[in-house]
Each structure stands twice: as C-alpha cells, then as structure tokens.
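*Asks:* One predicted model, sequence on top.
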Amino acid sequence: MPRKYFDAILGELRDEISTMGGYVREELDVALAALQDLDEEAAARVSELDRQVNAIRFNIEERCFLIVATQHPAASDLRLIFAAANMIVDLERMGDQAKGVAKLIPDLRSQPDLAHPVELRQMGLIAGEMLTDALHAFAQADTQLAQAVAQRDTEVDALYASAFTQIMHMLAETSDEARVRVVYQLLRAARELERFADLVENFAERSIYLFTGEMPYPGQGPGVSSLNL
C-alpha cells in the first residue's frame with residue numbers, strides 16, 4: 001500500500017478520536033448543566049450522548065484491529081494505533097463519569113434547597129477546558145500543551161479536597177436520613193468530576209508518549225505516574 005494512502009487512514013483514525021472527544025466534552029457540559037439546574041431532561045440527554053460515545057469507541061477499536069490485521073503497519077505506526085486503543089478507553093470512561101453525575105439528579109432534586117459546593121462546577125469547568133486542550137494537543141502533536149493539561153489536574157484535586165471537606169461538615173451536621181443520602185450524592189458528584197480530570201490527564205500523557213516515545217515524567221515508570229500503558 002502506498003505510504004500516502006496509509007497516512008490518510010491514520011489521519012482518519014485521529015479524526016475519529018477527536019470526534020469522540022467532542023461528544024465527551026458535550027456530555028460533560030450537559031451533565032454540568034443538569035447538575036446546576038437539577039434538570040432531569042438534561043440528565044437524560046447525557047445518557048443519549050454516552051451511547052453515541054460508546055458506539056464510536058467500538059467503531060474505532062474495529063478500525064484499529066483491521067489496520068493491524070490487514071496493513072502490516074510499521075513500528076512507528078503501531079505506536080499510534082495502540083495509543084489510540086488506550087485513548088478511546090480513557091474517553092469512554094470520561095463519558096461514564098459524566099453519566100455518573102447525571103444519574104445523581106433525581107436524588108438531588110428531592111432536596112432542592114440543599115446548597116452545592118461551588119467547587120463542583122469549578123471542577124467541571126476546568127475538566128472541560130482540560131479535555132478541549134488535550135484534544136487540540138493530540139490533533140496538533142503539541143507536547144507542551146499536553147504537558148500543561150496534565151499539570152492542571154492539580155487544580156481539580158485542590159477543588160475536590162475543598163468540596164470533600166465541606167461535604168463532610170454537611171454530613172456531620174445532618175441527622176435526617178433522607179438528607180444524609182442526598183448530601184452523600186454531592187460527594188459522589190465531586191468524585192466523578194475528579195476522576196474525569198484524572199482521565200484527561202491520562203489522555204494528555206498518552207499524547208506525550210505517542211509523539212515523543214518517552215514517558216511524560218523522565219525517570220519514572222508507568223506505575224509512578226497516572227499513565228497506564
């Protein structure tokens with residue numbers, strides 16, 4: 001097969017990953033809107049988007065398998081293919097985290113007067129920005145931007161710690177069993193968003209490895225950073 005044609009196939013693979021990432025970003029945005037407004041219709045929309053994300057993931061997996069089975073890619077091409085296979089798993093899991101937030105809306109609606117820590121929305125907004133930048137870094141082979149994305153996870157971690165402390169105080173001050181259950185859902189929402197950002201960090205680190213062939217943090221093995229190759 002002519003190299004030009006094969007490069008076009010790999011380009012299509014990159015485009016499909018970017019498309020999948022766009023759906024995940026939309027899924028997060030809708031989940032955040034559902035959380036802010038306690039909107040069950042928006043929450044249902046998240047589930048619809050998640051099904052699309054899952055379908056794209058399996059289409060990309062099939063494409064990766066066919067490329068390996070039929071095109072005999074070179075070692076450098078295999079790096080992209082196997083990185084892609086891992087990246088789409090990260091993206092699908094991000095979608096699962098967004099869906100996890102949306103699933104909490106019915107319980108949260110039962111206590112509409114319950115104040116939500118402002119950190120929840122801040123976490124979601126930063127995670128969304130991280131994903132947009134990570135997708136751009138992947139599309140443009142921009143390792144510096146990918147590194148900046150990975151470093152922003154510490155911002156989300158700090159917000160999570162603050163939200164966690166507030167929610168623990170809310171639990172300690174609440175004796176009503178039904179309200180305790182709903183307050184606990186806020187903690188679950190915070191955890192889903194924190195995990196979303198972790199997965200974006202993974203995605204960014206995979207991009208760095210893809211374009212450089214080196215671990216994002218020199219001298220560290222896969223078990224030290226959050227990257228699981």
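*Replies:* Ah, there it is.
*Asks:* Let me know the helix or strand that the spatially most central residue of the chain is in.
*Replies:* Residue closest to the mean C-alpha point of the chain, counted by CA atoms, centre = their mean, is Met94 at 3.1 Å. Assigned by DSSP states H and E, Met94 falls within helix 75-103.
*Asks:* Beyond that helix, next helix or strand please.
*Replies:* Sequence order places helix 105-109 as the next helix or strand after helix 75-103, per DSSP H and E.
*Asks:* what's next to that next one, contact-wise?
*Replies:* 34-35, 38-40, 42-43, 114, 181-182, 185-186 (CB atoms under 8 Å, 6 or more residues apart in numbering). In short, each C-beta sits where N, CA and C put it, glycine included.
*Asks:* run the last query once more with 10 Å
*Replies:* Helix 105-109 is contacted from outside by 31, 34-35, 37-44, 46, 101, 114, 116, 178, 181-186, 188-189, using CB atoms under 10 Å, 6 or more residues apart in numbering.
*Asks:* Mind listing what's buried along it?
*Replies:* Across helix 105-109, burial judged by 16 or more other CB atoms under 10 Å covers 105, 107-108.
*Asks:* how distant is it from the center of its chain?
*Replies:* Taking CA atoms, centre = their mean, to the nearest Å, one finds the center of helix 105-109 at 23 Å from the center of the full chain.
*Asks:* Next SSE downstream of it?
*Replies:* Sequence-wise, the next helix or strand downstream of helix 105-109 (DSSP H and E) is helix 118-140.
*Asks:* okay, the angle between that following helix and helix 75-103?
*Replies:* Helix 118-140 and helix 75-103 are oriented at 160 degrees to each other (axes from the mean of the first three to the mean of the last three CA atoms, to 10 degrees).
*Asks:* and the residue nearest to Val183 when sequence neighbours are not counted, how far is that from Gln111?
*Replies:* Residue nearest to Val183 in three dimensions, not counting chain neighbours: Met170, with 4.9 Å by CB to CB, 6 or more residues apart in numbering. Applying CB to CB, to the nearest Å, the value for Met170 to Gln111 is 11 Å.
*Asks:* any shared contact partners between those two?
*Replies:* 179, 182-183, 186.
*Asks:* how about these in CSV, adding secondary structure, distance to Glu12 and pLDDT?
*Replies:* Formatted as CSV, the shared contacts of Met170 and Gln111 follow (DSSP: H, G, I helix; E, B strand; the rest coil; distance: CB to CB, whole Å; pLDDT from 0 to 100):
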residue, secondary structure, distance to Glu12, pLDDT
Arg179, helix, 51, 94
Val182, helix, 46, 95
Val183, helix, 47, 96
Leu186, helix, 42, 97
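*Asks:* of those, closest to Glu27?
*Replies:* Leu186 (20.1 Å; CB to CB).
*Asks:* can I assume the closest one is in contact with Leu171?
*Replies:* Yes: the pair Leu186 / Leu171 is scored as a contact, 9.4 Å apart, by CB atoms under 10 Å.
*Asks:* out of the two, which sits in the busier spot?
*Replies:* Ranked by neighbour count (other CB atoms under 10 Å), Leu186 and Leu171 place Leu186 first, with 25 against 14.
*Asks:* Tell me who's in contact with that one.
*Replies:* Taking CB under 10 Å, 6+ apart, we find Leu186 in contact with 35, 104, 107-108, 111, 114-117, 120, 163-164, 166-167, 170-171.
*Asks:* and Thr70, what helix or strand is that in?
*Replies:* helix 40-71.
*Asks:* Show the average pLDDT along that helix.
*Replies:* The predicted model gives helix 40-71 an average pLDDT of 92.
*Asks:* Packing partners of that helix?
*Replies:* Using 3 or more CB pairs under 10 Å, 6 or more residues apart in numbering; DSSP states H and E, the elements in contact with helix 40-71 are helix 3-37, helix 75-103, helix 105-109.
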